[in-house]
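> just the structure for this:
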Amino acid sequence: LDAAMAEATKLRQEEKAKNTQTIKDAQEAQTAVAQALTVLKEFYEKAGDATALLQQQPVAPEIFDSPYKGMQAENGGVVGM
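Model prediction:
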């Protein structure tokens, strides 16, 4: 009976040490996630103001100042062939 109690006590102490380490790791991970979220929020707030990657409307070249009329005077169309 004493041997069984000693074995159970030993197992509980090992599990308690493992659980304590797991809790410590989880708290450190929670802190790291909070810091990462802060960094990401700051980054995306600044990225919203950046215009480097925005698509801008292209300026039409001078060729397109007047509508295209084709070469109407120079051909007779399909019938003119």
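
> for the rest of this, base every contact and every neighbour count on C-alpha atoms.
Fine.

> which stretches of this protein form helices?
Along the chain, counting by DSSP state H, helices occupy 2-49.

> what stretches of it score poorly on pLDDT?
The chain contains residues with pLDDT under 70 at 50-57, 60-61, 63-65, 68, 70-81.

> quick one: residue 10 and residue 22, what's the gap?
The spacing between residue 10 and residue 22, counted by Cα to Cα, to the nearest Å, is 18 Å.

> do residue 42 as well
According to Cα to Cα, residue 42 and residue 22 sit 30 Å apart.

> and residue 48, by the same measure?
38 Å.

> next: residue 67.
74 Å.

> which one's more surrounded, those two?
residue 22 (12 against 7; other Cα atoms under 10 Å).

> neighbours of residue 13, just the number please.
Residues near residue 13, counting by other Cα under 10 Å: 12.

> please begin residue numbering at 58 from this point
In the new numbering, first residue 58, that becomes residue 70.

> list the contacts of it.
Listed by Cα atoms under 8 Å, 6 or more residues apart in numbering, residue 70 has no contact partners.

> what do you get for the one 3 residues further on?
The contact partners of residue 73, by Cα under 8 Å, 6+ apart, come to none.

> what about residue 97, how many residues close to it?
Neighbour tally, residue 97, other Cα under 10 Å: 12.

> separation between it and residue 91?
Residue 97 is 10 Å from residue 91, by Cα to Cα.

> ok, residue 123 next?
From residue 123 across to residue 91, the span is 59 Å (Cα to Cα).

> higher neighbour count, those two?
For residue 123 and residue 91, the more surrounded residue by other Cα under 10 Å is residue 91, and the numbers stand at 12 against 7.

> burial of residue 104, as a residue count?
The burial count for residue 104: 12, using other Cα under 10 Å.

> that one and residue 124: what is the separation?
Per Cα to Cα, residue 104 is found 40 Å from residue 124.

> how about residue 82?
In terms of Cα to Cα, residue 82 sits 70 Å off from residue 124.

> next: residue 101.
According to Cα to Cα, residue 101 stands 44 Å off from residue 124.

> now swap in residue 85 and tell me
Counting by Cα to Cα, the gap from residue 85 to residue 124 is 67 Å.

> fine, thanks again, bye for now.
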